[in-house]
Structures are given as C-alpha cells and as structure tokens.
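> Sequence first, then the predicted structure, then my questions.
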Amino acid sequence: MTSSLDGQWFTEVFDSHGSAFSLKVSEKLLDVQSPYQHLEVYATETFGNLMVLDGCVMLTDRDNFLYHEMIAHPALFTHADPRRVVIIGGGDCGTLKEVLRHPGVEKVTQIDIDEEVTKAAERFFPALVEANHDPRAELLFADGVKWVDDTPDESIDVLIIDSTDPVGPAEGLFKTDFLKRCHRILKPGGVMVQQSESPLYHSGSIIRELRRDMQEAGFDSVATLPFPQPVYPSGWWSVTLAGKNADVGAFREQDAACNEMPLDYYTPEAHRGALVLPPFMRRAFAE
C-alpha cells in the first residue's frame, strides 16, 4: 500500500487490488516518526480527524465506532462471564473504551508497543480515551508478544488482538506460534478475537490462513464476522473469533439485547447476522 497528499486530498492506494480511498483534508495536525512507525494526523472536511500509520488509514472520528464496537462486543458477549481482558495493540484506546462498558469486567490490560499512538489519541481523539482513567484499566507500552510469553497459563478470559495490518510491528501477531501462546494463556472457555482484514480482498488468503492457524494452535471453534468500514481498503472489514473450549458461533443474545450501552452499530441482530457468512467467503474458507 502507498499513500500520497495531492493538494487537499489524502489518498491511500491499495496497489495489489487496483483501488484507492481519498479524504479531503484541511490541515495536517501532527507528523511524528516514532521508533516503530510514521504517525500522521489530519483534519478532514467530512470525517473529522484522521490518523495514519505508515501511510495507512487507521481511524477517523466519523466511523471508528464500527471497528471498535465489532472487535470488542462480539467477543465479550460470546464469553460466558468475561472478567479479565487483555488487548494487544489498540493504542488509540477505542477498543479499551468499548470493553470497559461491560460492568462485569474487572480488569483490562492494554499493551501497545508505541506510546506515540496513545499520545496522539489523547490530543486529537479525546472521545476514544474517555475510559483511560477507569480504575479497571491498565495501559502498558511494551512488546505484546513478549508480554504474552511472560503471562501465566490460563489466566485470561478474553484476548483482543487489535493490531495494524500484518506487516512491520504487527507481523508477528498473525503467526501460528503466537496464536499457540495466546491459546496457552486463555482459561478454558476463553475467547480470542483478532482483526482480520478485508473479506472482499483477503478471504482466500489472510483470513483463511488465520482461521487455519487458529485451529492448528488448538482453538476448538472459529468464526469470522464481516462488517462495514468505509475508510479501510474495500470499505468492508472483519474480525475473527476463536474459542478455547467455547463455541464462538453462539453468544449471550439475551444479555446483548438487554444491555444499555450507548452503542452506534453493535446489536444482537448485527452480531447474529455477521455470523452468517456470504457464499463466497464460505467457499474461500473451504478451499
């Protein structure tokens, strides 16, 4: 993927699929080279603020709720009683905010390698960091793979891998060996969820391979949930759930229906519908 700034337009080009996405911008608000990646923030005319990492769109004010709600709530409502939650990545803190909406959660540890992302969120995306000072929240800036290695067996209920694309700092988070380590630290009944790229572009490659790797790592069930995401390549994204002695094809529908969270996308109906994959995805996964 490449990106460019041509006059007032920021454009991310997805070369391998001959597509691009553009937003009209009015101002560059931040340009930082961290030890890990190039971080930019722009003000746009219609999508609020825009965060870009290494030329790839990460989030905007206007539509980030789609991703953050769908990576958090399906996993939390799938687990029978989530109390101990860990987020690997997620430095913008939007996923952390969604997890902490669940009153039964007792502790959430977020481990992101790049503190600059959280600093940028605090400055330019204040709505995402509203829960950072919740006493149940722990923010660590460290290597998530090493943190998993140092974590005791069967000590986590839900593990959320809120990573960037499988390149650079996030590449190791898509490997079978890492998934085996994730399986080790989950309690029986535990649920893991990982962002899994575009259903349209990656069903026959990244998503299919991730599902197979999860099964090889010892997970008993796997489910991929697609959802709209306008600013990501193809405008369509997904998360993939995996269960350790848990069926991720079912969830606590009554609890999801009775929740009083002020959500903008997730509903039990949306969750149920996302579990029913379109034929082209089912064919890709069966190959």
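Thanks, I have it.
> who does the closest residue to Ser221 other than its chain neighbours bridge with?
Once flanking residues are discounted, Ser221 sits nearest to Gly243: 4.4 Å by CB to CB, 6 or more residues apart in numbering. Where C-beta positions appear, they are placed from N, C-alpha and C, glycine not excepted. Here Gly243 shows beta-bridge partners Val191, Ser221, assigned using DSSP bridges.
> Tell me how many other residues crowd Gly243.
Neighbours of Gly243 under the rule other CB atoms under 10 Å: 24.
> where's it relative to Val193, distance?
Distance of Gly243 to Val193, computed by CB to CB, to the nearest Å: 10 Å.
> residue contacts, the residue nearest to Ser221?
For Gly243, the contacting residues are Thr78, Gly189, Gly190, Val191, Met192, Phe219, Asp220, Ser221, Val222, by CB atoms under 8 Å, 6 or more residues apart in numbering.
> do that again at 10 Å, thanks
75, 78-79, 186, 188-192, 214, 219-223, 249-250 (CB atoms under 10 Å, 6 or more residues apart in numbering).
> Poorly predicted segments of the stretch 51-200 of the chain, please.
Applying pLDDT under 70 to the stretch 51-200 of the chain flags the ranges 164-174.
> could you pull out the helices for it?
Here the stretch 51-200 of the chain has its helices, by DSSP state H, counting those that start in this stretch, at 64-78, 94-99, 115-124, 144-149, 176-185, 199-202.
> any chance of the ones you listed in CSV, plus distance to Val57 and mean neighbour count?
Shown next, in CSV, are the helices of the stretch 51-200 of the chain (distance: least, CB to CB, whole Å; neighbours: other CB atoms under 10 Å):
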stretch, distance to Val57, mean neighbour count
helix 64-78, 11, 25
helix 94-99, 14, 26
helix 115-124, 14, 19
helix 144-149, 22, 17
helix 176-185, 25, 18
helix 199-202, 15, 20
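> need the ones you listed in CSV with distance to Arg282, can you?
CSV is the format used below for those (distance: least, CB to CB, whole Å):
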stretch, distance to Arg282
helix 64-78, 19
helix 94-99, 28
helix 115-124, 35
helix 144-149, 31
helix 176-185, 22
helix 199-202, 11
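> and Val239, which of those helices is closest to it?
Nearest to Val239 among the helices of the stretch 51-200 of the chain is helix 64-78 (5.0 Å), distances taken as CB to CB.
> With only the CA atoms kept, save that closest one in CSV.
In CSV, the C-alpha atoms belonging to helix 64-78 read as follows (Å, rounded to 0.1, in the frame of the first residue of the first chain):
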residue,chain,number,x,y,z
ASN,A,64,-14.2,4.4,14.1
PHE,A,65,-17.2,3.2,16.1
LEU,A,66,-17.8,0.4,13.6
TYR,A,67,-14.4,-1.2,14.1
HIS,A,68,-14.1,-0.6,17.9
GLU,A,69,-17.6,-2.0,18.6
MET,A,70,-17.2,-5.0,16.4
ILE,A,71,-13.8,-6.1,17.8
ALA,A,72,-15.0,-5.7,21.4
HIS,A,73,-18.6,-6.6,21.9
PRO,A,74,-19.0,-9.9,19.9
ALA,A,75,-16.1,-11.3,21.9
LEU,A,76,-17.3,-10.0,25.2
PHE,A,77,-20.9,-11.3,24.6
THR,A,78,-19.6,-14.6,23.4
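> Centre-most residue in the protein?
Of all residues in the chain, the one closest to the mean position by CA atoms, centre = their mean is Asp162, 3.5 Å from it.
> List the contacts of it.
Neighbouring residues of Asp162 by CB under 10 Å, 6+ apart: 67-68, 71-72, 87-96, 110, 112, 144, 170, 173, 193-195, 239.
> Same check on Thr46?
Each residue near Thr46 by CB under 10 Å, 6+ apart is listed here: Leu23, Lys24, Thr60, Arg62.
> and if we set it to 7 Å?
Thr46 is in contact with Lys24, counting by CB atoms under 7 Å, 6 or more residues apart in numbering.
> helix, strand or coil for it?
Counting by DSSP: H, G, I helix; E, B strand; the rest coil, the backbone at Thr46 sits in coil.
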